[in-house]
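Undergrad: I'll drop the sequence and a predicted model, then ask my questions.
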Amino acid sequence: LRDPIGTPPLAELAKGKQKVAIVTSDITRPMPSAVVLPPVLDELYRAGVRPESITVVFALGSHRKQTEEEKMHLAGEEVYRQVTCVDSLDFDFVHMGDTKRGTPVDICRPVAEADLRICLGNIEYHYFAGYSGGAKAIMPGVSTHDAIQANHKRMVDERAHAGNLDTNPVRIDIDEVGSFVHIDFIVNVVLDEHKKIRHCVAGHYIEAHRAGCRLLDKLYQVAISAKADIVVTSPGGFT
(Lines give C-alpha, C1' and ligand atoms only; values in the text may rest on other atoms or scores of the structure.)
Protein backbone atom coordinates (compact mmCIF):
# COMPACT_ATOMS: atom_id res chain seq x y z
CA LEU A 1 0.00 0.00 0.00
CA ARG A 2 2.93 2.33 0.65
CA ASP A 3 5.04 1.22 -2.32
CA PRO A 4 2.49 0.54 -5.07
CA ILE A 5 2.90 -0.11 -8.79
CA GLY A 6 2.22 2.86 -11.04
CA THR A 7 0.59 5.22 -8.50
CA PRO A 8 1.53 7.27 -5.45
CA PRO A 9 1.01 5.54 -2.07
CA LEU A 10 -2.60 5.17 -0.99
CA ALA A 11 -2.30 7.61 1.93
CA GLU A 12 -1.00 10.27 -0.46
CA LEU A 13 -3.90 9.71 -2.87
CA ALA A 14 -6.39 9.88 -0.01
CA LYS A 15 -5.42 13.28 1.39
CA GLY A 16 -8.34 15.69 1.34
CA LYS A 17 -10.86 13.17 0.02
CA GLN A 18 -14.44 13.48 1.23
CA LYS A 19 -16.18 10.48 -0.39
CA VAL A 20 -14.22 7.24 -0.52
CA ALA A 21 -15.68 4.10 -2.10
CA ILE A 22 -13.97 0.77 -1.52
CA VAL A 23 -15.36 -1.84 -3.91
CA THR A 24 -14.86 -5.46 -2.90
CA SER A 25 -16.24 -8.89 -3.74
CA ASP A 26 -19.51 -10.41 -2.58
CA ILE A 27 -20.14 -13.70 -0.79
CA THR A 28 -19.73 -15.78 -3.99
CA ARG A 29 -16.02 -14.97 -4.30
CA PRO A 30 -13.01 -16.14 -2.24
CA MET A 31 -11.60 -12.62 -1.79
CA PRO A 32 -10.51 -12.32 1.91
CA SER A 33 -11.90 -8.81 2.38
CA ALA A 34 -11.78 -9.08 6.17
CA VAL A 35 -7.99 -9.45 5.94
CA VAL A 36 -7.37 -6.74 3.34
CA LEU A 37 -9.78 -4.03 4.48
CA PRO A 38 -8.15 -3.17 7.86
CA PRO A 39 -4.74 -2.13 6.43
CA VAL A 40 -6.49 -0.22 3.64
CA LEU A 41 -8.55 1.67 6.23
CA ASP A 42 -5.43 2.33 8.30
CA GLU A 43 -3.85 4.11 5.32
CA LEU A 44 -7.01 6.16 4.77
CA TYR A 45 -7.14 7.14 8.43
CA ARG A 46 -3.44 8.05 8.28
CA ALA A 47 -4.33 10.45 5.47
CA GLY A 48 -7.00 12.10 7.62
CA VAL A 49 -10.05 10.46 6.04
CA ARG A 50 -12.85 10.02 8.58
CA PRO A 51 -14.78 6.73 8.91
CA GLU A 52 -18.06 8.43 8.01
CA SER A 53 -16.55 9.40 4.64
CA ILE A 54 -15.88 5.77 3.68
CA THR A 55 -18.31 3.34 2.07
CA VAL A 56 -17.49 -0.32 1.42
CA VAL A 57 -19.50 -1.43 -1.61
CA PHE A 58 -19.94 -5.16 -2.17
CA ALA A 59 -19.88 -5.76 -5.92
CA LEU A 60 -22.89 -7.95 -6.66
CA GLY A 61 -22.89 -7.77 -10.43
CA SER A 62 -26.04 -9.75 -11.22
CA HIS A 63 -25.98 -11.77 -7.97
CA ARG A 64 -28.56 -11.61 -5.17
CA LYS A 65 -28.43 -9.09 -2.36
CA GLN A 66 -26.70 -10.16 0.84
CA THR A 67 -27.86 -10.29 4.44
CA GLU A 68 -26.37 -7.98 7.04
CA GLU A 69 -24.76 -11.04 8.63
CA GLU A 70 -23.05 -11.86 5.33
CA LYS A 71 -21.81 -8.29 4.96
CA MET A 72 -20.38 -8.37 8.48
CA HIS A 73 -18.73 -11.73 7.80
CA LEU A 74 -17.10 -10.39 4.62
CA ALA A 75 -15.89 -7.09 6.08
CA GLY A 76 -15.08 -8.37 9.55
CA GLU A 77 -17.03 -7.17 12.56
CA GLU A 78 -14.69 -4.31 13.44
CA VAL A 79 -14.73 -2.83 9.93
CA TYR A 80 -18.49 -3.39 9.66
CA ARG A 81 -18.95 -1.27 12.80
CA GLN A 82 -16.53 1.46 11.68
CA VAL A 83 -17.71 2.29 8.15
CA THR A 84 -20.82 2.01 5.99
CA CYS A 85 -21.09 -1.38 4.24
CA VAL A 86 -23.62 -1.70 1.40
CA ASP A 87 -24.54 -3.84 -1.59
CA SER A 88 -24.16 -2.32 -5.06
CA LEU A 89 -27.79 -3.11 -5.87
CA ASP A 90 -29.05 -1.00 -2.95
CA PHE A 91 -28.80 2.14 -5.11
CA ASP A 92 -29.69 3.68 -8.43
CA PHE A 93 -27.09 3.92 -11.19
CA VAL A 94 -25.34 6.82 -12.88
CA HIS A 95 -24.71 6.75 -16.64
CA MET A 96 -21.11 7.79 -17.31
CA GLY A 97 -20.88 7.14 -21.05
CA ASP A 98 -20.43 4.19 -23.43
CA THR A 99 -17.34 2.19 -24.35
CA LYS A 100 -16.06 1.92 -27.92
CA ARG A 101 -17.86 -1.43 -28.14
CA GLY A 102 -21.16 0.11 -27.03
CA THR A 103 -21.25 -1.09 -23.42
CA PRO A 104 -23.11 1.43 -21.26
CA VAL A 105 -21.05 2.57 -18.27
CA ASP A 106 -23.82 2.59 -15.66
CA ILE A 107 -22.31 2.59 -12.16
CA CYS A 108 -23.99 2.43 -8.75
CA ARG A 109 -24.21 5.88 -7.22
CA PRO A 110 -21.83 5.61 -4.21
CA VAL A 111 -19.03 4.54 -6.57
CA ALA A 112 -19.94 6.98 -9.35
CA GLU A 113 -19.99 9.95 -6.95
CA ALA A 114 -16.87 9.05 -4.94
CA ASP A 115 -13.78 11.26 -5.17
CA LEU A 116 -11.53 8.29 -4.37
CA ARG A 117 -12.22 4.80 -5.72
CA ILE A 118 -10.36 1.76 -4.43
CA CYS A 119 -11.02 -1.68 -5.91
CA LEU A 120 -10.20 -4.89 -4.06
CA GLY A 121 -10.22 -8.36 -5.58
CA ASN A 122 -8.46 -11.67 -6.04
CA ILE A 123 -6.73 -12.68 -9.24
CA GLU A 124 -7.45 -16.10 -10.68
CA TYR A 125 -8.07 -17.47 -14.16
CA HIS A 126 -11.45 -16.52 -15.58
CA TYR A 127 -12.93 -18.60 -18.33
CA PHE A 128 -13.92 -15.71 -20.60
CA ALA A 129 -12.44 -12.54 -19.06
CA GLY A 130 -8.94 -14.02 -19.02
CA TYR A 131 -8.27 -13.24 -15.35
CA SER A 132 -10.39 -11.92 -12.52
CA GLY A 133 -9.35 -8.81 -10.57
CA GLY A 134 -8.51 -5.29 -11.66
CA ALA A 135 -11.36 -3.33 -13.24
CA LYS A 136 -13.61 -6.37 -13.00
CA ALA A 137 -14.68 -4.95 -9.62
CA ILE A 138 -16.40 -2.20 -11.61
CA MET A 139 -17.57 -4.21 -14.64
CA PRO A 140 -19.51 -6.36 -13.89
CA GLY A 141 -19.15 -5.68 -10.14
CA VAL A 142 -21.09 -2.44 -9.68
CA SER A 143 -22.73 -2.20 -13.10
CA THR A 144 -26.33 -2.68 -14.28
CA HIS A 145 -27.76 -5.90 -15.67
CA ASP A 146 -27.97 -4.40 -19.17
CA ALA A 147 -24.36 -3.22 -19.04
CA ILE A 148 -23.21 -6.65 -17.89
CA GLN A 149 -25.11 -8.32 -20.71
CA ALA A 150 -23.55 -5.95 -23.24
CA ASN A 151 -20.08 -6.88 -22.04
CA HIS A 152 -20.62 -10.60 -21.45
CA LYS A 153 -22.15 -11.27 -24.87
CA ARG A 154 -18.57 -11.18 -26.18
CA MET A 155 -17.77 -14.36 -24.27
CA VAL A 156 -18.52 -16.37 -27.43
CA ASP A 157 -15.53 -14.79 -29.19
CA GLU A 158 -12.74 -17.38 -29.49
CA ARG A 159 -10.29 -14.86 -28.00
CA ALA A 160 -12.34 -14.67 -24.79
CA HIS A 161 -10.66 -17.42 -22.82
CA ALA A 162 -8.69 -18.03 -19.63
CA GLY A 163 -5.20 -16.56 -19.59
CA ASN A 164 -5.74 -14.12 -22.48
CA LEU A 165 -5.70 -10.37 -21.84
CA ASP A 166 -4.23 -8.51 -24.79
CA THR A 167 -6.71 -9.57 -27.49
CA ASN A 168 -9.63 -10.59 -25.27
CA PRO A 169 -12.66 -8.44 -26.22
CA VAL A 170 -14.33 -8.99 -22.84
CA ARG A 171 -11.27 -7.87 -20.85
CA ILE A 172 -10.51 -4.96 -23.20
CA ASP A 173 -14.06 -3.69 -22.67
CA ILE A 174 -13.79 -4.17 -18.89
CA ASP A 175 -10.56 -2.19 -18.74
CA GLU A 176 -12.09 0.61 -20.82
CA VAL A 177 -14.93 0.86 -18.30
CA GLY A 178 -12.23 1.30 -15.66
CA SER A 179 -10.93 4.37 -17.45
CA PHE A 180 -14.43 5.95 -17.57
CA VAL A 181 -14.92 5.48 -13.83
CA HIS A 182 -11.30 6.38 -12.98
CA ILE A 183 -10.16 3.70 -10.57
CA ASP A 184 -7.62 5.42 -8.33
CA PHE A 185 -6.11 2.36 -6.66
CA ILE A 186 -6.45 -1.42 -6.58
CA VAL A 187 -5.44 -4.03 -4.05
CA ASN A 188 -5.48 -7.51 -5.59
CA VAL A 189 -4.37 -10.76 -3.99
CA VAL A 190 -3.28 -14.11 -5.38
CA LEU A 191 -4.48 -17.02 -3.25
CA ASP A 192 -2.97 -20.44 -2.66
CA GLU A 193 -4.84 -23.74 -2.83
CA HIS A 194 -6.15 -23.14 0.71
CA LYS A 195 -7.55 -19.69 -0.22
CA LYS A 196 -4.85 -17.97 1.84
CA ILE A 197 -3.02 -14.90 0.50
CA ARG A 198 0.16 -15.89 -1.32
CA HIS A 199 0.94 -12.56 -2.97
CA CYS A 200 -0.51 -9.04 -3.07
CA VAL A 201 -0.24 -6.27 -5.63
CA ALA A 202 -1.42 -2.69 -5.30
CA GLY A 203 -1.54 0.50 -7.33
CA HIS A 204 -2.62 1.27 -10.91
CA TYR A 205 -5.63 -0.71 -12.05
CA ILE A 206 -3.86 -1.96 -15.20
CA GLU A 207 -0.18 -2.08 -14.22
CA ALA A 208 -0.64 -3.65 -10.80
CA HIS A 209 -3.25 -6.07 -12.12
CA ARG A 210 -0.94 -7.29 -14.88
CA ALA A 211 1.85 -7.80 -12.34
CA GLY A 212 -0.57 -9.90 -10.29
CA CYS A 213 -1.49 -11.94 -13.37
CA ARG A 214 2.20 -12.68 -13.98
CA LEU A 215 2.52 -13.86 -10.37
CA LEU A 216 -0.49 -16.11 -10.85
CA ASP A 217 1.04 -17.60 -13.99
CA LYS A 218 4.23 -18.49 -12.11
CA LEU A 219 2.17 -20.43 -9.58
CA TYR A 220 -0.50 -22.08 -11.69
CA GLN A 221 0.21 -21.92 -15.41
CA VAL A 222 1.04 -25.31 -16.95
CA ALA A 223 2.67 -25.73 -20.36
CA ILE A 224 1.32 -28.49 -22.60
CA SER A 225 3.00 -30.03 -25.61
CA ALA A 226 -0.16 -30.33 -27.69
CA LYS A 227 -3.93 -29.84 -27.57
CA ALA A 228 -6.02 -32.94 -26.97
CA ASP A 229 -9.04 -33.92 -29.05
CA ILE A 230 -11.07 -34.71 -25.92
CA VAL A 231 -10.48 -33.33 -22.42
CA VAL A 232 -12.11 -34.74 -19.28
CA THR A 233 -11.98 -32.37 -16.32
CA SER A 234 -13.06 -32.53 -12.70
CA PRO A 235 -13.12 -29.96 -9.87
CA GLY A 236 -11.95 -32.70 -7.49
CA GLY A 237 -13.43 -32.82 -4.01
CA PHE A 238 -14.19 -35.54 -1.51
CA THR A 239 -15.75 -38.96 -2.07
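TA: Great, that's in hand.
Undergrad: Which residue ranges of this structure form helices?
TA: Secondary structure of the chain (DSSP state H): helices at 10-14, 33-46, 68-75, 77-82, 109-112, 145-152, 169-181, 207-220.
Undergrad: so which of those helices gets nearest N188?
TA: helix 207-220 (4.8 Å; Cβ to Cβ). (Glycine included, C-beta is placed from N, CA and C.)
Undergrad: average pLDDT across that closest one?
TA: Summarised as a single mean, pLDDT over helix 207-220 is 96.
Undergrad: Check stretch 34-42 too.
TA: pLDDT averaged over stretch 34-42 gives 98.
Undergrad: Pull out the buried residues from that stretch.
TA: Buried positions in stretch 34-42, judged by neighbour count with 16 or more other Cβ atoms under 10 Å: 34, 36-37, 40-41.
Undergrad: could those residues go into CSV alongside distance to V105?
TA: CSV is the format used below for the buried residues of stretch 34-42 (distance: Cβ to Cβ, whole Å):
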residue, distance to V105
A34, 30
V36, 26
L37, 26
V40, 25
L41, 28
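Undergrad: so which of the residues you listed comes closest to R171?
TA: When the buried residues of stretch 34-42 are compared against R171 (criterion: Cβ to Cβ), the nearest one is V36, at 22.7 Å.
Undergrad: Looking at the helices of the chain, spot the one closest to D192.
TA: Of those, nearest to D192 by Cβ to Cβ is helix 207-220, at 7.8 Å.
Undergrad: Run the chain-centre distance for the closest one.
TA: Centroid separation for helix 207-220 versus its chain: 15 Å, with Cα atoms, centre = their mean, to the nearest Å.
Undergrad: ok, Y205 touching G178?
TA: Yes: using Cβ atoms under 8 Å, Y205 is in contact with G178, at 5.2 Å.
Undergrad: give the contact list for F93.
TA: Residues near F93 by Cβ atoms under 8 Å, 6 or more residues apart in numbering: 106-109, 112, 143-144.
Undergrad: let's go with 7 Å and repeat that
TA: F93 makes contacts with 106-109, 144, as judged by Cβ atoms under 7 Å, 6 or more residues apart in numbering.
Undergrad: can you list these in a markdown table and add distance to V56?
TA: Output for the contacts of F93, formatted as a markdown table (distance: Cβ to Cβ, whole Å):
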| residue | distance to V56 |
| --- | --- |
| D106 | 21 |
| I107 | 16 |
| C108 | 13 |
| R109 | 15 |
| T144 | 20 |
